[in-house]
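Peer 1: I would like to see how this sequence folds:
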Amino acid sequence: MARRERVVRMSVEQPLWRALTAYRVITMVYALLLAAFGRERWDRPWIAVTFLAVLAVWTLATLPKVANAASCTKRFLVADLTVALTGILLTPLADPQAQTVDSPTLPSIWTAGAVLAFAIKGGWRWAGVASSLVAVANIIERGDPSRDTLHNVLLVWVASIAIGYVVEVARASERTLARALEIEAATRERERLARDIHDSVLQVLAMVQRRGTALGGEAAELGRMAGEQEVALRTLVAGGLTRPSHVSEDESEGAVVRVVEVPDEETADAPVDLRALLAPRAGSLVTLADPGAPVVLPGQAARELAAAVGAALDNVRVHAGAGARAWILVEDWGDEVIVTVRDDGPGIPEGRLAQAEGEGRMGVALSIRGRLRDLGGSAELVSVPGQGTEVELKVPRAPRERRGKAATT
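Peer 2: Coordinates of the predicted model:
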């Protein structure tokens, strides 16, 4: 089924911006209440009233600026910190006793929000600079700073730097996760292509090699060339799966990029009766036993499961001999569908599957197990030398969300 890809961006730091928005509003209200209840101490109340009015308007007008990292520009950060520093330095003018009594500054704890914006936007270095400027302003405002003043200054400095460091670690983790998800998506696409190649081109080349060798003459030369191309193609497929191509990192701040497979509208995943897809597989050497009622699965799941059954039958024809018989049993258990493919061939010698994968022959690994894994199911293979081989394919009725799918934001 044809697919197109789109990108979904997610950010684990977005909750920090939402928390900062709420913090700024709450601390603005807190600063206004402090001023209202302590208005008797203001020698120049017009200074306090003017600044707090500016603070309230600034806070409410700039809420969109602290909505995300893109909106929070450097110019805004500088202006926001300037408002906080101005309020601190204006405090002694409105209340001369502020230098002798540990009373709150005009912006009070609203100042911490300006510093936290620096931490979330630029990390611990930006936070260190902003908190240091706030510390200097507080010391100047107090004149002769007390132990409580120094304690509060140190607390803001340490907390802001710690939060900035955590943000940097989170961004590094997001970039690593984004790269891992993109590589996984690219690897799964290569696996899908490898399955298609195995089910078509490689099977034809193998057949040409066998027929050419049996006919002899010029046909034998064609068979030899087909065999060489089969080996080269298998090596290319195996090499591509073990060495993923480079995937560029997303450079945007605070974003995780996930590749999403979106079905085209004209190829909607309509339900399909699995029996209709397996019926053509039956024949003189293949017996199909299925329920009397339809075995309905999502279209993609049904087609992938039928293809896995076809790959298992191809292995029977190639490895069990021309006269080997096979049986297909379809079971519908409600929450899952189980298809069992059994043959009366010689079985698979111990260690043969691992050897085949090492040689680039990935029929079981890709065409069978790979398909079932992508559907959220499983494939179990049981083989006893001399007693045939049995492949059990399980697919959940509602396939679990594949890792290549994206979570909604």
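
Peer 1: does Ala67 really touch Thr21, like I thought?
Peer 2: Yes - counting by Cβ atoms under 8 Å, Ala67 touches Thr21, with 6.7 Å between them. Backbone N, C-alpha and C define where each C-beta goes, glycine included.

Peer 1: of those two, who's got more company?
Peer 2: Between Ala67 and Thr21, Thr21 has the larger neighbour count (other Cβ atoms under 10 Å), namely 18 against 15.

Peer 1: so how far is Gly113 from that one?
Peer 2: Using Cβ to Cβ, to the nearest Å, one gets 9 Å for the distance from Thr21 to Gly113.

Peer 1: do the same with Val337
Peer 2: Separation of Val337 from Gly113 (Cβ to Cβ) stands at 56 Å.

Peer 1: ok, Arg41 next?
Peer 2: Distance, Arg41 to Gly113, by Cβ to Cβ: 24 Å.

Peer 1: for this protein, what spans make up the helices?
Peer 2: With DSSP state H, the ranges of helices along the chain come out as 14-37, 45-61, 74-94, 110-122, 124-142, 147-197, 203-215, 218-242, 274-278, 299-319, 352-358, 371-374.

Peer 1: buried deepest among the ones you listed, which one?
Peer 2: Among those, helix 110-122 has the highest mean neighbour count (mean count of other Cβ atoms under 10 Å), at a mean of 25.

Peer 1: neighbours of Ala398, just the number please.
Peer 2: Residues lying near Ala398 (other Cβ under 10 Å) number 11.

Peer 1: okay, it: pLDDT?
Peer 2: On the pLDDT scale, Ala398 is placed at 70.

Peer 1: with Leu366 instead?
Peer 2: According to the model, Leu366 scores 56 on pLDDT.

Peer 1: just Leu372 next, same as before
Peer 2: Predicted confidence (pLDDT) for Leu372: 83.

Peer 1: who's in contact with the closest residue to it other than its chain neighbours?
Peer 2: Closest residue to Leu372 apart from its sequence neighbours, by Cβ to Cβ, 6 or more residues apart in numbering: Ala379 at 4.4 Å. Ala379 sits next to Ala308, Ile368, Arg369, Leu372, Arg373, Val391, Glu392, Leu393, Lys394 when contact means Cβ atoms under 8 Å, 6 or more residues apart in numbering.

Peer 1: and the third one, how close does it get to Tyr30?
Peer 2: By that I understand Arg369. In terms of Cβ to Cβ, Arg369 sits 61 Å off from Tyr30.

Peer 1: so where's this protein shaky on pLDDT?
Peer 2: Applying pLDDT under 70 to the chain flags the ranges 1-12, 98-102, 144-149, 190-203, 206, 227-269, 351-367, 399-409.

Peer 1: ok, Tyr30 to Pro64 distance?
Peer 2: Distance from Tyr30 to Pro64, counting by Cβ to Cβ: 22 Å.

Peer 1: cool, Arg125 as well?
Peer 2: Counting by Cβ to Cβ, the gap from Arg125 to Pro64 is 26 Å.

Peer 1: thought Leu34 was touching Pro104?
Peer 2: Yes - counting by Cβ under 8 Å, Pro104 is a contact partner of Leu34 at 5.6 Å.

Peer 1: bridged to the residue nearest to Leu372, which residues?
Peer 2: Leu393 (DSSP bridges).

Peer 1: ok, the closest residue to Val339 other than its chain neighbours - contacts?
Peer 2: Excluding the flanking residues, the one nearest Val339 by Cβ to Cβ, 6+ apart is Leu393, at 4.6 Å. Leu393 sits next to 305, 308-309, 312, 338-341, 368, 372, 377-379 when contact means Cβ under 8 Å, 6+ apart.

Peer 1: TSV for those residues, including distance to Leu288?
Peer 2: Putting the contacts of Leu393 into TSV (distance: Cβ to Cβ, whole Å) gives the following:
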residue	distance to Leu288
Leu305	14
Ala308	15
Val309	10
Ala312	13
Ile338	14
Val339	10
Thr340	11
Val341	10
Ile368	18
Leu372	19
Gly377	20
Ser378	22
Ala379	19
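
Peer 1: between the residues you listed, which is nearest Arg188?
Peer 2: Leu372 (13.4 Å; Cβ to Cβ).

Peer 1: am I right that that closest one is in contact with Glu392?
Peer 2: No - if you go by Cβ under 8 Å, Leu372 and Glu392 don't touch, sitting 10.0 Å apart.

Peer 1: next one: phi and psi at the residue lying farthest from the centre of the chain?
Peer 2: Most distant from the centre of the chain: Asp43, at 58.5 Å, with distances by Cα atoms, centre = their mean. The phi and psi values for Asp43, taken as degrees, to the nearest 10, are phi -80, psi -30.
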